[in-house]
Structures are given as C-alpha cells and as structure tokens.
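In: for reference, the sequence and a predicted model appear below.
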Amino acid sequence: MSPLQRTAGAVRERAAVLRYDDFRALLAGRTVSFLGDGLYAVALMWLVYDLTGSTGATGVAGFLSRIPNVGKVAVGPLVDRAPLSRVLVGAELAQAAVVVVVPVAALTGHLSLPLVLATVPFMAIGDVAAAPAQSALLPRLLPGDALVRANSAFAVATEGAQAVARGVAGVLVAAVGAVGLYVVDAATFLVAAACFLLLPSVSRDRDPGPFDLDAYLVDLREGIGVLTGSTARLVLAGSLFAAFLGGASFAVLPAFADGIGGPETYGLLLAGYTVGGVAGSVLAGFLDDRPLGALCVAGFAAAAALWVGSVLVGGALATVALFSLARVPTGAYNVAVTAVFQTGVPDDLLGRVMAATSSATNLALPLGMLVGGAAGDVLGSRTVMLANGVGLLLTATFWAAVPSLRQFGPPSAVADGQFAQGVGGSPS
C-alpha cells in the first residue's frame, strides 16, 4: 500500500464518526455557535479599543468575557442532572437575546463603553453551561474508541469556523464597523439552537429526582475530588500559567495588530491563531497512539520558539504565519487532553469534572487579560506578547520536570474511569 493510500485510509477511518446522526447535529450546532463567537470576539475587542484606544480597557473587556466561565464548576453537577440538549438550546437563545442590545443601543444613540462592557459577562454566561454539556453529551452519543476522532472533528470544524469568522470579521470591521457584526451574531445563535433541537434529550443514566442542596454539594465534591486526587490535577496545572500569559497577550493583541497594520491585521492574527489550532486538531487524530508526555515537552517548546519569532520578525504576513504555526502544538494538546478526560472520568462525573477544569482555566485566562491590559499601557504590547512565549517554555519545562507527566502514555491507552479509581502516573 502506498503512503497516499495509507493516508487516505486513515482519513476515512477518522471521518467515520460522521455517520452518527446525533453527532452530526451536535457538530453542526456547535460549529455555527463558534462562528458567532468568532465574529463576536473581533467585534467586541475592536469596538472597545476603538472607543478608548487603551489596552487597559480591552483587558477589562477580555476579563469580563471570561470570568463568568469560572462558574462552570458550580454548573457541572446541574449539567449532569439536566437533559443536555435543552441546556444547549437554552444557552444559544440566551446569547441571541443579549447580543442584540449593542446594535439597538447604537441605533437609538445610547452606545457607550459602560453599556458594551455591561453586556459582556451576560454573553459569556451561555457558554458556562454549553461547554460542559457538550463534553458530557459526546461520550453518550459515540462509542469510547471514537472519542479522540470525534474531538478532533469537533476542533477542526469549530475552530475552522472561528478562523473564517475572525478573518472575515477583520475586513468587515474595517468596512462597516463592529456594531453590525452583533446582528449577525444573533442569527448564528438562533441557527445553532435549531440544530440542537434535533438532539435526543439525554441526561445521566440514573434518575436524579428533585433538586436537593445536600446532594448537589456531594456531587460537586465528587467532581472536584476526581480532579484533585489523580494525575488529572497535574495535567491541568501544567497549562494554567501558560493560560494566564496567553490571556495577557490577547488583551494587548488589538494594540499589537494596530502597530503593524490595523483591524485587518487583527482579524488575520486571530484567524491565523485559529487555523493553527485546526491544524493541530487534525494532527492530534494521527498522534493518539503516541506518548502524550513526550509530545507535550517537544510541542510546547516548539510553540514557545515560534511565538517569540512571530513577535520579533518584521512584516505583518510573517508575523501572522509564525503566530499560526505556534498554535499547532497547543491545538493538538487540547484535543488529546479532552479525550484523556473523557475516557479517564466516569460518564456520570464527566460534566462536573469538565466544568471544574474549565473553571480553573477560565480563572487564569481572564486574570491574565486584566493584568496584561494594564501592563500593556505601561510596558507596551510587544513586551507582553513576548512574555507569552516565556509562559509556553515554562509549560514545556513543567511537563519535562514532573515524572508522572513526562511519562504519561498515549491518550488511547487511558483506562475507562481510571482517574476516579485513583490511578496516578501514566496510563498503561
């Protein structure tokens, strides 16, 4: 068999998850939702920067857009009890209702920075439930051996949608302004909700009965206990510092892009970042039988070098290219780690565990945005961008220095429910 035939066979094998109708509906809905998110990300940050010219203000906007996600740890037990498709539908409808506030204010002459910032956390609330609901629903729609491929397909489709949205949004902001994109956002959320209506009403296997506060607190402790009592806590800890500095870099990205181009360059940088993530997600589907520890050490080190190069190199196109390449290793990492959690955590705990991990990450990221925005006003956007490269290098060093991470085996070798069983170290 020729290399081309082997590659074609591998692609067909990984595309086999698309034969599941429910998976296609979930994939379509989340893809459209992420399309709206991509448009919103550009519209929000550029509108705030345009209104103020301050990286401190964009840092505050980024902080407000992320900090509600810390609440995912509290929502996790509720997600595990709820009909998951209804959670997804409700999240999209809520976002559609909130996003139209800004264009209405602009039409009536009441657009202001405080109003824009006031809507930001409410927009983020929809994803507080949607992301853990997606993670909890996926292993109930597909067999366990398809999860890495399914997560890879999810990342490719959703990040591809964001890449297109961000690239197009940069051009649209330059042509018609940021406010018009908010109207398009509302339409995407409504389309996503329609897709989720096609999903089965799946909840946890056992009937949870009426809501009970004591039972809720027990559920919450169980989820956090799985996370803190196994190697999972080290996997999470390894990325938190990099997430903090990554948030700092995104707070100053509009100012950095303005220095080398303008809104078009900002859109291209965001699109390139997402394209790199798509490439990494595709790559993850071909690396699920390779040791995760070794891949993380090499991948984060390479990402650090490419990120620093993107900041130091001259020219917008070279910056965008290196910026995109720096995202490839981290895109592969995100897909692999998601599959590790979905296999290593029992299904009835998965919603709350994924919510807890998301909460931790979404605390580090907005704090980074807040600090990075303030630092950008003092030190300049270029210095803050370089600091993120240092963070990636430190993450590689952490994975290399901790034996249980350095020796972590392939994602496909993780045993079902092993984290709940207190299994530490690498999977056998």
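Out: All right, it came through fine.

In: contacts only, for residue 245.
Out: Residues counted as contacts of residue 245 (Cβ atoms under 8 Å, 6 or more residues apart in numbering) are 368, 372, 387, 388, 390, 391, 392. C-betas here are computed from N, CA, C, even on glycine.

In: cool, and residue 371?
Out: Contact partners of residue 371, counting by Cβ under 8 Å, 6+ apart, are 59, 244, 248.

In: so how far is residue 250 from the closest residue to the first one other than its chain neighbours?
Out: Nearest residue to residue 59 in three dimensions, chain neighbours excluded: residue 373, at 1.6 Å (Cβ to Cβ, 6 or more residues apart in numbering). Distance check for residue 373 against residue 250: by Cβ to Cβ, to the nearest Å, it reads 9 Å.

In: next up, the contacts around residue 381.
Out: For residue 381, the contacting residues are 55, 252, 253, 255, 256, 259, taking Cβ under 8 Å, 6+ apart as the criterion.

In: pretty sure the second one sits against residue 384.
Out: Translated: residue 252. Yes. In this structure, residue 252 sits in contact with residue 384. The criterion is Cβ atoms under 8 Å, and the distance is 4.7 Å.

In: quickly list what's touching both of those two.
Out: Common neighbours of residue 252 and residue 384 (criterion: Cβ under 8 Å, 6+ apart): 372, 375, 376.

In: ok, the first one - contacts?
Out: Same thing as residue 372. Listed by Cβ under 8 Å, 6+ apart, the contact partners of residue 372 are 55, 59, 245, 247, 248, 249, 250, 251, 252, 384.

In: helices along the stretch 1-150 of the chain, start to end?
Out: Ranges of helices within the stretch 1-150 of the chain are 3-14, 21-52, 55-66, 72-81, 84-99, 101-107, 113-141, 147-176, based on DSSP state H, counting those that start in this stretch.

In: nearest to residue 284, of those?
Out: Residue 284 lies closest to helix 147-176 among the helices of the stretch 1-150 of the chain, at 5.3 Å (Cβ to Cβ).

In: show me what the closest one packs onto, helices and strands only.
Out: helix 3-14, helix 21-52, helix 113-141, helix 179-196, helix 263-284, helix 316-344 (3 or more Cβ pairs under 8 Å, 6 or more residues apart in numbering; DSSP states H and E).

In: which one of those helices lies closest to residue 166?
Out: When the helices and strands packed on helix 147-176 are ranked by distance to residue 166, counting by Cβ to Cβ, first place goes to helix 263-284 at 3.8 Å.

In: going along the chain from the closest one, find the next helix or strand for me.
Out: Proceeding N to C from helix 263-284, the next assigned helix or strand is helix 292-312, under DSSP states H and E.

In: tell me which residues in that next one are buried?
Out: Taking 16 or more other Cβ atoms under 10 Å as the neighbour-count basis, helix 292-312 is seen to contain the buried residues 292-293, 295-297, 299-304, 306-311.

In: quick one: which of the contacts of residue 381 is nearest residue 397?
Out: Residue 397 has its nearest neighbour among these in residue 252, at 24.2 Å by Cβ to Cβ.

In: how about the residue most central in space within the chain, nearest residue that isn't a chain neighbour?
Out: In the chain, the C-alpha nearest the mean C-alpha coordinate belongs to residue 334, at 8.3 Å (Cα atoms, centre = their mean). Leaving out its chain neighbours, the residue that sits closest to residue 334 by Cβ to Cβ, 6+ apart is residue 155, at 6.8 Å.

In: before we move on, what about residue 268?
Out: Leaving out its chain neighbours, residue 268 is closest to residue 320 (Cβ to Cβ, 6+ apart), at 5.0 Å.

In: with residue 292 instead?
Out: When the adjacent residues along the chain are set aside, residue 292 lies closest to residue 408, with 4.7 Å between them (Cβ to Cβ, 6+ apart).

In: correct me, but the one you found touches residue 295?
Out: No. With the criterion set as Cβ under 8 Å, residue 408 and residue 295 do not qualify as a contacting pair; they are 9.2 Å apart.

In: how many residues are close by residue 86?
Out: The burial metric for residue 86, expressed as a neighbour count using other Cβ atoms under 10 Å, is 16.

In: with residue 26 instead?
Out: Neighbour count of residue 26, defined by other Cβ under 10 Å: 26.

In: and the closest residue to residue 183 other than its chain neighbours, what pLDDT?
Out: By the measure of Cβ to Cβ, 6+ apart, the closest residue to residue 183 outside its immediate chain neighbours is residue 103, 5.3 Å from it. At residue 103 the predicted local confidence, pLDDT, stands at 88.

In: ok, residue 103 - contacts?
Out: Residue 103 makes contact with 179, 180, 182, 183 under the criterion Cβ under 8 Å, 6+ apart.

In: apply 6 Å and report the result again.
Out: Residue 103 makes contacts with 179, 182, 183, as judged by Cβ atoms under 6 Å, 6 or more residues apart in numbering.
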